[in-house]
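[1] model this:
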Amino acid sequence: MKQLFILLAMLLNFSAFSQLSDAENKALDKLIADKVEIEADVLKSSVLKKMFDTEFYTIKRTPHYKANGGYFELILMKNDGKMTEVEDAAALVPLFKSDFKMKEESNARDLKMALALLLSSGSGSEDEIIHKENQWILVCEEWFGEKKGFIVSTEPDGKVSKIEYSSKLEI
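    Next up, the predicted model:
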């Protein structure tokens, strides 16, 4: 956890990109630290542990200026010793455990649950799962007749080879 806070401090440290003196950089770093609160926690979920060979972290950044009550949240993953933001489902494919296979609907439900935890595009009120040969379609949302969600392509043995989000699923 200490490493994570050091990483966050480095992310907020704009010193390397500026032409300021050391004293000015320190003052700027202190000003940022006084104006922004950062909370970091390990994202604990049995479904994530069951299917991925990595750890995920939730980061909540809350600004404390001008009575701003809003906050910004993101999910980080540890990949090859580096922390990177989980931006899309495709980045998750190399992180699956070698024994995770998409062979049954229960596997697809677990993956849908994991995507809902990790990606805003994974959440939604629809709970439809369709299996077509080497593809699983995970419907997350329906808006004016258009279904949105993930297309999960698998190899013949059930190993996930590709995940992509579509705002116009063809079912």
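[2] just the helices in the protein please.
    Here the chain has its helices, by DSSP state H, at 2-12, 22-35, 46-51, 105-118.
[3] right, so those: which one is the most enclosed?
    helix 105-118 (a mean of 18; mean count of other Cβ atoms under 10 Å). C-beta: built from backbone N, CA, C; applies to glycine.
[4] what packs against it?
    Judged by 3 or more Cβ pairs under 8 Å, 6 or more residues apart in numbering; DSSP states H and E, helix 105-118 is in contact with helix 46-51, strand 128-132, strand 135-143, strand 146-154.
[5] which of the helices of the chain has the lowest average pLDDT?
    Averaging pLDDT over each of these singles out helix 2-12 as the lowest, with a mean of 52.
[6] re the thing from before, want to throw the helices of the chain into JSON lines with distance to residue 70?
    Below are the helices of the chain laid out as JSON lines (distance: least, Cβ to Cβ, whole Å):
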{"stretch": "helix 2-12", "distance to residue 70": "17"}
{"stretch": "helix 22-35", "distance to residue 70": "13"}
{"stretch": "helix 46-51", "distance to residue 70": "27"}
{"stretch": "helix 105-118", "distance to residue 70": "22"}
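[7] pLDDT of stretch 149-163, averaged?
    On average, stretch 149-163 scores 95.
[8] how far out from the middle of the chain is it?
    In terms of Cα atoms, centre = their mean, to the nearest Å, the centre of stretch 149-163 is set 18 Å apart from its chain centre.
[9] stretch 80-98 now?
    Here stretch 80-98 is found 8 Å from its chain centre; the criterion is Cα atoms, centre = their mean.
[10] kindly report the same for stretch 100-111.
    19 Å.
[11] can I get that stretch in CSV? Just the C-alpha atoms.
    Written as CSV, here are the backbone C-alpha positions of stretch 100-111 (Å, rounded to 0.1, in the frame of the first residue of the first chain):
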residue,chain,number,x,y,z
PHE,A,100,-10.0,-19.7,-16.7
LYS,A,101,-12.2,-20.9,-19.6
MET,A,102,-15.5,-19.6,-21.0
LYS,A,103,-17.3,-22.9,-21.4
GLU,A,104,-20.5,-22.4,-19.4
GLU,A,105,-22.9,-19.6,-18.8
SER,A,106,-21.7,-19.4,-15.2
ASN,A,107,-18.2,-18.4,-16.6
ALA,A,108,-19.8,-15.7,-18.7
ARG,A,109,-21.8,-14.4,-15.7
ASP,A,110,-18.6,-14.2,-13.7
LEU,A,111,-16.9,-12.3,-16.4
